[in-house]
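In: Mind folding the following:
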Amino acid sequence: MDMDETDAKHHRNNCCVNLFHYFTSQTTFHPAVHAGFLKLWRLLQPRVLAEVQRILVTHRHTVYRIFTTGHSMGGALACLAAYSITNLLKHIDYPITDVTVYTFGQPRMGNRIFRNIYNKVVP
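Out: Have a look, this model is predicted:
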């Protein structure tokens, strides 16, 4: 069965509408992070933040600069760690609230809204 030109245009238009609907219905308007990276960070976060806080409180008169670094998935975790540590530093009123992040081959880990928030928190 051959499609004539009208059927072909109709099919193409429906296909585009369906794809448009798919992509727009998948759009989120809140910050979102890759579920696997977030799940792994949530497993590590309590121990990491507790240790950072313990060091900072124990050596209250020493001001530390904090760096996080990682490659690939470790880079994504380094970014999530920097975000969490920055919030911790602000919460405990630490003199320095900037965390420096170095990543290598880090995959994209969140949507645009997360990126915008992240860039404000971790400059």
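
In: As a check, name the ranges of all strands in this structure.
Out: Taking DSSP state E to define them, one finds strands in the chain at 66-71, 99-104.

In: And the last one, what's buried?
Out: Buried residues in strand 99-104, counted by 16 or more other Cβ atoms under 10 Å: 99, 101, 103. Any C-beta I mention is one placed from the backbone N, CA and C, and that applies to glycine too.

In: The last one: what's it in contact with?
Out: By Cβ atoms under 8 Å, 6 or more residues apart in numbering, residue 103 lies in contact with 69, 70, 71, 74, 75, 76, 78, 79.

In: what about 6 Å?
Out: 70, 75, 78 (Cβ atoms under 6 Å, 6 or more residues apart in numbering).

In: same question, the second one
Out: Under the criterion of Cβ under 6 Å, 6+ apart, the neighbours of residue 101 are 68, 78, 79, 82.

In: From residue 59, how far out is the first one?
Out: Read that as residue 68. 19 Å (Cβ to Cβ, to the nearest Å).

In: Who has more neighbours out of these two?
Out: Higher neighbour count among residue 68 and residue 59: residue 68, with 23 against 10, using other Cβ atoms under 10 Å.

In: Verify the stated contact: that one with residue 81.
Out: Yes: using Cβ atoms under 6 Å, residue 68 is in contact with residue 81, at 4.7 Å.

In: Just the CA atoms of stretch 29-49, as CSV, please.
Out: Taking C-alpha atoms only, stretch 29-49 is exported to CSV below (Å, rounded to 0.1, in the frame of the first residue of the first chain):
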residue,chain,number,x,y,z
PHE,A,29,10.5,22.9,36.1
HIS,A,30,12.3,22.0,39.3
PRO,A,31,16.0,21.1,40.0
ALA,A,32,16.7,17.5,39.0
VAL,A,33,19.8,15.4,39.4
HIS,A,34,20.7,12.0,37.9
ALA,A,35,19.1,9.5,40.2
GLY,A,36,22.2,7.2,40.3
PHE,A,37,24.6,9.9,41.3
LEU,A,38,22.2,11.2,43.9
LYS,A,39,21.5,7.8,45.3
LEU,A,40,25.3,7.2,45.7
TRP,A,41,25.9,10.6,47.2
ARG,A,42,23.1,10.1,49.7
LEU,A,43,24.9,6.9,50.9
LEU,A,44,28.2,8.7,51.3
GLN,A,45,26.9,12.1,52.4
PRO,A,46,26.3,11.5,56.2
ARG,A,47,29.9,10.2,56.7
VAL,A,48,31.5,12.8,54.5
LEU,A,49,29.7,15.8,56.1
